[in-house]
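Student: sequence isn't available, so here's the structure alone:
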C-alpha cells in the first residue's frame with residue numbers, strides 16, 4: 001500500500017475541487033479557461049491582453065482565441081488604449097456580471113461540499129495551517145536553492 005504524501009494529497013484535493021467547480025460551470029456554458037479569464041478580469045478590468053496573459057500564466061496567442069470567443073458571446077469588450085494604439089484594454093460587459101455571481105455561488109457550493117463534515121474549528125485550523133505552509137514556501141521561493149540533502153538527493157546527483 002502506498003502512503004500518501006502531503007504534496008500529492010494537496011494537489012489531488014485542488015484538482016478535485018477544480019473538477020467539481022467545472023461540473024457546475026458547464027451548466028452556465030463556461031469552460032475552465034473562460035471562467036478563469038472572467039475571474040481575473042473582474043479584479044483587473046482595464047488591463048491589456050499581455051498583462052492578463054501573464055496573470056493567467058498562458059501564452060498571449062491562447063488568450064486571444066479565448067477573448068475572441070468571449071467577445072462574440074458578449075462577455076468582454078476590447079477598448080482602444082487612450083495613448084497607445086497598439087494596445088487594447090479589456091473590460092467586462094454587463095452580461096458578464098450575472099455569470100460572475102453564478103461563479104461565486106458555485107465556488108461557495110464547491111467549498112461547502114469539500115468541507116461538509118468539518119467543524120468551524122477544524123475549518124479554521126486547516127486554513128491556518130495552509131496559510132502557514134504558504135508563507136514558508138513564499139519565503140523559501142525567495143531564497144537561492146542549496147545543494148539537496150538526503151539519500152535520494154545524492155542518488156539523483158550521482159546517478
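Tutor: Arrived safely, thanks for sending. These numbers come from a predicted model, not from an experiment.

Student: and the strands in the chain?
Tutor: 76-80, 88-92 (DSSP state E).

Student: reformat those strands as CSV; add mean pLDDT and mean neighbour count.
Tutor: The way it works is simple: take the backbone N, C-alpha and C, and place the C-beta from them, glycine included. Converted to CSV, these look like this (pLDDT from 0 to 100; neighbours: other C-beta atoms under 10 Å):
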stretch, mean pLDDT, mean neighbour count
strand 76-80, 93, 15
strand 88-92, 94, 18
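
Student: what would the ones you listed look like in a markdown table with distance to residue 13?
Tutor: What follows is the strands of the chain, written out as a markdown table (distance: least, C-beta to C-beta, whole Å):
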| stretch | distance to residue 13 |
| --- | --- |
| strand 76-80 | 31 |
| strand 88-92 | 30 |
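
Student: nearest to residue 41, out of the ones you listed?
Tutor: strand 88-92 (5.8 Å; C-beta to C-beta).

Student: what angle sits between that closest one and strand 76-80?
Tutor: Computed by axes from the mean of the first three to the mean of the last three C-alpha atoms, to 10 degrees, the angle separating strand 88-92 from strand 76-80 equals 150 degrees.

Student: packing partners for strand 88-92?
Tutor: Other helices and strands packing on strand 88-92, by 3 or more C-beta pairs under 8 Å, 6 or more residues apart in numbering; DSSP states H and E, are helix 32-43, helix 49-56, strand 76-80.

Student: ok, residues contacting it?
Tutor: 38, 41-42, 45-49, 52, 67, 75-81, 100 (C-beta atoms under 8 Å, 6 or more residues apart in numbering).

Student: OK, contacts around the residue lying closest to residue 39 once chain neighbours are set aside?
Tutor: Leaving out its chain neighbours, the residue that sits closest to residue 39 by C-beta to C-beta, 6 or more residues apart in numbering is residue 103, at 6.7 Å. Counting by C-beta under 8 Å, 6+ apart, residue 103 makes contact with 25, 28, 30, 35, 38-39.

Student: per-residue pLDDT of residue 103, please?
Tutor: We have a pLDDT of 90 for residue 103.

Student: cool, and residue 25?
Tutor: 86.

Student: residue 31 versus that one, what's the distance?
Tutor: 8 Å (C-beta to C-beta, to the nearest Å).

Student: so what's the residue nearest in space to the middle of the chain closest to, chain neighbours aside?
Tutor: Closest residue to the average C-alpha location of the chain: residue 36 at 6.5 Å, with C-alpha atoms, centre = their mean. Once flanking residues are discounted, residue 36 sits nearest to residue 56: 6.0 Å by C-beta to C-beta, 6+ apart.
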